[in-house]
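> okay, predicted coordinates and the sequence, questions at the end:
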2 protein chains.
Amino acid sequence: MNLQAICHIPKSNYAYPYKENELHIRLRTAKDDVDQVEIIHGIKYDWKNNERHVMKKILTDEFYDYYQYNIICEDSRIGYYFGLTKGEKKLYYTELGFADKFNDDFAYCYFFQYPYINKVDVHKEPSWVQEAIFYQIFVERFFNGDVKNSPPDLTPWDADPDPKSFYGGDLKGIIDKLDYLKDLGINGIYLTPIFQSPSNHKYDTVNYFEIDNYFGDKEVFGELVQRAHDRGIRIVLDAVFNHCSNLFEPFLDAVEKGRESKYWEWFFIEDYPVKMDPPNYKTFGHVAYMPKLNTANPELKEYLLSAIRYWTTEYNIDGWRLDVSDEIDHLFWRDFRRVVKEINEEAVIIGENWHNALPWLMGDQFDSVMNYQVTKLSQDFFARSEISARSFEKGLSSLLIRYPDQVNEAMLNLLDSHDTERFLYTCQGRKEKLKNAAAFLFGYIGMPCTYYGTEIGMTGNYDPGCRKGFDWNQEHWDMELYQYYKKLISIRKKEKALQYGDITFLSTDSLFVMKREYNKECIYILINQREDVADYNLPKSSFEYNYVKELLSES
Amino acid sequence: MNLQAICHIPKSNYAYPYKENELHIRLRTAKDDVDQVEIIHGIKYDWKNNERHVMKKILTDEFYDYYQYNIICEDSRIGYYFGLTKGEKKLYYTELGFADKFNDDFAYCYFFQYPYINKVDVHKEPSWVQEAIFYQIFVERFFNGDVKNSPPDLTPWDADPDPKSFYGGDLKGIIDKLDYLKDLGINGIYLTPIFQSPSNHKYDTVNYFEIDNYFGDKEVFGELVQRAHDRGIRIVLDAVFNHCSNLFEPFLDAVEKGRESKYWEWFFIEDYPVKMDPPNYKTFGHVAYMPKLNTANPELKEYLLSAIRYWTTEYNIDGWRLDVSDEIDHLFWRDFRRVVKEINEEAVIIGENWHNALPWLMGDQFDSVMNYQVTKLSQDFFARSEISARSFEKGLSSLLIRYPDQVNEAMLNLLDSHDTERFLYTCQGRKEKLKNAAAFLFGYIGMPCTYYGTEIGMTGNYDPGCRKGFDWNQEHWDMELYQYYKKLISIRKKEKALQYGDITFLSTDSLFVMKREYNKECIYILINQREDVADYNLPKSSFEYNYVKELLSES
């Protein structure tokens, strides 16, 4: 046995409460290295009645096998350790290491423990995330529904954007197109920022309490939420709290008054006078027009949280996406969660973390993050054909084991966004690759999110190319792609196994194969990334099911 | 290379800010498996100017080597990955796995990142912990300073205790003996609970706002803190918030009024009427007289935190030890920390966690825990001679790598307590074993804590044997042991290297050897657990120092 490969970490993605009475325990071993893994667990104050169970191998990646066992427990004060068998060899793995024999008299000193599942510590996702199908709208480029509030000097809708272009897209435009979205089948919209801001992207906020004039006003926003809700569509807004605009009033005040300004501590300004080039204050990236906010400052914190309170309460929105969430302090996010969930326990909180986000996803901060790691893998496998189906599933396995199950169920899975090139662009226009990737995404665990226009065949390079105006001239649409997306969405909405099912990877040399299973229903997603035809024999056990039906077939 | 052994976890004990401008990065490899480990790190928005440094091997345990590099950074938005060399073989290790080549153009997708060091997220220990020398007093058994407040039916001071004995020890008794403690040399006292409670141990609180009548009153407690402070001795109190006494007024109210009681939700009562045998409410362990508190209930939480506020503010105490801290919810502890640190940033927070406590020690909850894992290792090595010096240092290494450096510096290290057998008892009375263990403890990183009476040779089995009355008849003392303790304490207080030094283990087959090094001073702690004499040649490099002095020698 490769003992050095064996890993369990208490109170982490390897040991977490799924519910108040359900504890998930995972163990990692080297790949194909161990015949059987057992868990021995018991109530720590009643250890003599401990139980022994075989753990299930749930995932495998390049180097490791991962095992899981879900303990259903009335008394959640749990001790546990592991039994590993390879041929004749049998070893125990405890918090103190490995041993051939285990002295149960000293169990308390040895075992791993989950000391208590306190209900408030359980990471509870909103109840609707597994049925969610999201659509991301870059507001300025979706539809101009009210020409009266358009900015001057509009770029023609069908011209290519530059970083400063304005096209006039607005909230009324989204209202006008809600029936389109309803018909497409999505049931959640993530809007890029809508608050007052001088830019087209509005990631540099000037006023957190006002809708941007070019986008509309509070009335039209209220109407948007209401009408979306009428159609069963949830609305998630973008919270940009890492930084603001250099035209944000408090920043202007600090620039003007220096240390006398009561807002001086809202920012990280080194010296007076404040300089812009280069900035003598902290910024997002090196962008002078985006001063970093000091979210640890109590007044600023209360100001930002009151904005969150305002929009969540008054407009009954369904959640927040958090811009540059990994650069803001954890204390801020914990208070943020408290504020949001007290108003609406069913609101979702989605971070923008491009890297391993476990420290934000243990139940005290976010529900989910934008799953750019799946984006990257999808680019590598589907768009660029750089990795094999087996490598792709190994990559996915590494990501799935990284987070608790309830986090995987709530991840925002995307192929592209306003911060990537369009997926079809990465595919070099090869639509069949996008279709394969989309079939994967709608079959995968987590919330699929479609970036506006990807469903009609829009393409474009990294910003600004990925931010073109939505082409409403249906004659320009790839209708076949559009119908395919509608079909995928309708299947996802209908099939509980795709929403709630356990996932198993079964790829072959030529096919990516993923099985979703729920309540005796089982769906196989078979995807061929090669040019030639590939066969796949459904495992015999599948025929224990009453019928086999083809949900979708493309060639 | 054993790639499966290699481990790095972002934002954990493997990557944590030590200061606002100092990031500690650790990497684990299989033992003796890699020739060199390098870290490549850079500012993520300015990646092209990245730097490459060799990491230092800091610790080794049974299976692994551990490397560390401390990044000093003005801009803390850091990306990093690792370079591993073994013979001709060179590999890179990134968040996405291993690669022979690393494409720097895609660095952002690959590297591990520490996204930002926000000052409020940095785990800041109280400035005094590295100079702290603690003494634990079980109040009822230290000294009866005021016979007027003694309970009736006292057990004679020198009789063996049973679980219900009362001896009359009190706060006045501690005041009376402050000069003894000052002379011994300690500078911190951890008191077991002092609030109103029917038991002798007082871990079942009846009133969180009153001193127990048998222990004294607020005036005498205020005097104790004042007089201790006058002598440079800090006072840490015991916070028992997991459970209370069944005589706690709110519990009695719930018992009487059932669901009508406004305190019903302060507990976990299943049904009305409330039954004690067996209890139909949640308890600590299975102890009916200790009902578990629902620390998530907002009113109870505010009640308990107001008690914390009261004692911390009004009596200027220096910290809290937290009973059964691992069974209370994390939200409670985060608010607890906020309350305590807002009053006194220099107050210490010490959990009672017997197992891996990292999830409580990342800066948002505790500063420290009682280091019962070091107790266990010390029992195995010093008291029971069950493991070798090398095994002992491997065990210590596993523990040191488990936590960030600032946590190791603040750990409460102990040989025994009111919850263990006395160390001398575990040694079967062999004093030289206790002396070796004490020499280790006072040389080790963290706050050494002496359980009352261990320094004079008190012995006794697990509770109640470990809770005898302190024997103030000096004729009964082991004066040689007592002088030895005084010597150890005085050396610890004098030598900065023992307080602040880096630690290196250098054990041989026959000797436990530990080096502490600080500011060009270097102290070797050599401990022989065997019967025969052992030699040790100080490494040549030691003679680069100006002089070598023997601080302590025993044979």
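Yes, it's here.
> in three-state terms, label the residue of chain A positioned farthest from its centre for me.
For chain A, the residue at maximal distance from the C-alpha centroid (C-alpha atoms, centre = their mean) is A:D105, at 44.9 Å. Here A:D105 is helix, with the state taken from DSSP: H, G, I helix; E, B strand; the rest coil.
> distance of it from A:I456?
Look at A:D105 and A:I456: by C-beta to C-beta, to the nearest Å, they are 69 Å apart. Glycine gets a C-beta too; all of them are placed from N, C-alpha and C.
> before we move on, what about A:R390?
From A:R390 to A:I456 the distance is 33 Å (C-beta to C-beta).
> looking at the two, which is more packed in?
A:I456 (19 against 15; other C-beta atoms under 10 Å in any protein chain shown).
> verify the stated contact: the more buried one with A:W477.
Yes: A:I456 lies in contact with A:W477 (C-beta atoms under 8 Å); the separation is 4.3 Å.
> overlap of the contact sets of these two?
A:D471 (C-beta atoms under 8 Å, 6 or more residues apart in numbering or on different chains).
> for chain B, what's the nearest residue on the stretch 151-300 of chain A?
A:A296 (4.2 Å; C-beta to the nearest C-beta).
> neighbours of that residue, how many?
16.
> next one: A:H24
19.
> repeat for A:E223
Count around A:E223 with other C-beta under 10 Å applied: 15.
> for A:L441, same thing?
So A:L441, with other C-beta under 10 Å, has 24 neighbours.
> and it, how close does it get to A:M479?
From A:L441 to A:M479 the distance is 20 Å (C-beta to C-beta).
> hmm, who's touching the lowest-mean-pLDDT helix or strand in chain A?
Lowest by mean pLDDT, DSSP states H and E among the helices and strands of chain A is helix A:107-110, with a mean of 91. Helix A:107-110 is contacted from outside by A:42, A:44, A:47, A:50, A:79, A:81, A:94-96, A:102-103, B:354, B:376, using C-beta under 8 Å, 6+ apart.
> what do you get if the cut-off is 6 Å, keeping everything else the same?
The list of residues contacting helix A:107-110 from outside it, by C-beta atoms under 6 Å, 6 or more residues apart in numbering or on different chains, reads A:W47, A:T94, A:L96, B:K376.
> chain B contacts on chain A?
A:2, A:4-5, A:10-11, A:30, A:45, A:63, A:109, A:113, A:115-116, A:118, A:120-121, A:285-286, A:296, A:326-327, A:329-331, A:355-356, A:359, A:376 (C-beta under 6 Å from any C-beta of the partner chain).
> out of these, list just those in strands.
A:A30, A:Q113 (DSSP state E).
> narrow the residues of chain A next to chain B to those in helices?
In helices, defined here by DSSP state H, the members of these are A:C109, A:H330, A:L331, A:K376.
> for the last one, what are its contacts?
Contacts were defined as C-beta under 6 Å, 6+ apart; by that measure A:K376 touches B:C109.
> pLDDT wise, what is it at?
Predicted confidence (pLDDT) for A:K376: 96.
> of the contacts of helix A:107-110, closest to A:L526?
The closest of those to A:L526 turns out to be A:T94 (C-beta to C-beta; 42.2 Å).
> so A:Y81 sits against A:F111, correct?
Yes: with contact defined as C-beta atoms under 6 Å, A:Y81 reaches A:F111; the gap is 4.9 Å.
> could I get the full set of strands for the stretch 451-555 of chain A?
A:502-505, A:511-518, A:521-528 (DSSP state E, counting those that start in this stretch).
> reformat these as JSON lines; add mean pLDDT and mean neighbour count.
Listed next are these as JSON lines, based on pLDDT from 0 to 100; neighbours: other C-beta atoms under 10 Å in any protein chain shown:
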{"stretch": "strand A:502-505", "mean pLDDT": "97", "mean neighbour count": "17"}
{"stretch": "strand A:511-518", "mean pLDDT": "96", "mean neighbour count": "20"}
{"stretch": "strand A:521-528", "mean pLDDT": "94", "mean neighbour count": "19"}
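> where does chain A have low pLDDT?
Chain A contains residues with pLDDT under 70 at A:540-548, A:555.
> show me where it has its helices.
Using DSSP H, helices in chain A cover A:107-110, A:171-176, A:178-184, A:218-230, A:249-257, A:298-314, A:330-343, A:372-378, A:389-402, A:405-408, A:423-426, A:431-443, A:479-494, A:496-500.
> wait, which of those helices is closest to B:G319?
Nearest of those (C-beta to C-beta): helix A:330-343, 20.8 Å.
> counting by contacts, list what the closest one packs against.
helix A:298-314 (3 or more C-beta pairs under 6 Å, 6 or more residues apart in numbering or on different chains; DSSP states H and E).
> packing partners for the helix it packs on?
helix A:330-343.
> okay, the angle between the helix it packs on and helix A:298-314?
30 degrees (axes from the mean of the first three to the mean of the last three C-alpha atoms, to 10 degrees).
> buried set for helix A:330-343?
Within helix A:330-343, the residues that count as buried by 16 or more other C-beta atoms under 10 Å in any protein chain shown are A:H330, A:L331, A:F332, A:W333, A:R334, A:D335, A:F336, A:R337, A:V339, A:V340, A:K341, A:I343.
> who's A:Y81 bridged to?
A:I40 (DSSP bridges).
> distance check, A:W477 against B:S199.
Relative to B:S199, and taking C-beta to C-beta, A:W477 is found at 77 Å.
> what do you get for A:C7?
Distance from A:C7 to B:S199, by C-beta to C-beta: 42 Å.
> got the contact list for the residue of the stretch 151-300 of chain A closest to chain B?
Contacts of A:A296 by C-beta under 6 Å, 6+ apart are A:D329, B:V120.
> 10 Å instead, please
Neighbouring residues of A:A296 by C-beta atoms under 10 Å, 6 or more residues apart in numbering or on different chains: A:E265, A:I328, A:D329, A:L331, A:F332, B:N118, B:K119, B:V120, B:D121.
> so which of those residues wins on neighbours?
A:I328 (27 neighbours).
> pretty sure it is touching B:I117, no?
No: contact criterion C-beta atoms under 10 Å: A:I328 and B:I117 do not qualify, at 11.9 Å.
> between the helices of chain A, which one is closest to B:I527.
helix A:107-110 (22.9 Å).
> C-alpha coordinates for that closest one, CSV please?
What follows is helix A:107-110 as a C-alpha-only set of coordinates in CSV (Å, rounded to 0.1, in the frame of the first residue of the first chain):
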residue,chain,number,x,y,z
ALA,A,107,-10.0,4.7,20.8
TYR,A,108,-10.7,8.2,22.1
CYS,A,109,-7.0,9.1,21.7
TYR,A,110,-6.8,7.7,18.3
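> tell me the spacing between A:L322 and chain B.
Separation of A:L322 from chain B (C-beta to the nearest C-beta, to the nearest Å) stands at 13 Å.
> who's that residue bridged to?
Here A:L322, judged by DSSP bridges, has bridge partners A:A239, A:G351.
> quick one: residues contacting the residue lying closest to A:D179 once chain neighbours are set aside.
Spatial nearest neighbour of A:D179, excluding adjacent residues (C-beta to C-beta, 6 or more residues apart in numbering or on different chains): A:R231 at 7.8 Å. Applying C-beta under 10 Å, 6+ apart, we find A:R231 in contact with A:L178, A:D179, A:L181, A:K182, A:D183, A:I186, A:N187.
> max pairwise distance over those residues: which two?
Pairwise over the contacts of A:R231, using C-beta to C-beta, the maximum falls at A:D179 and A:N187, 13.9 Å.
> wait, A:E219 touches A:I175, no?
No: using C-beta under 10 Å, A:E219 is not in contact with A:I175; the gap is 11.3 Å.
> and the residue in the stretch 401-550 of chain A positioned nearest to chain B, how many neighbours does it have?
Closest residue of the stretch 401-550 of chain A to chain B, C-beta to the nearest C-beta: A:R402 (10.2 Å). Each residue near A:R402 was counted by other C-beta under 10 Å, and the total is 15.
> contact partners for it?
A:N13, A:N356, A:A357, A:L358, A:L361, A:Q373, A:N408.
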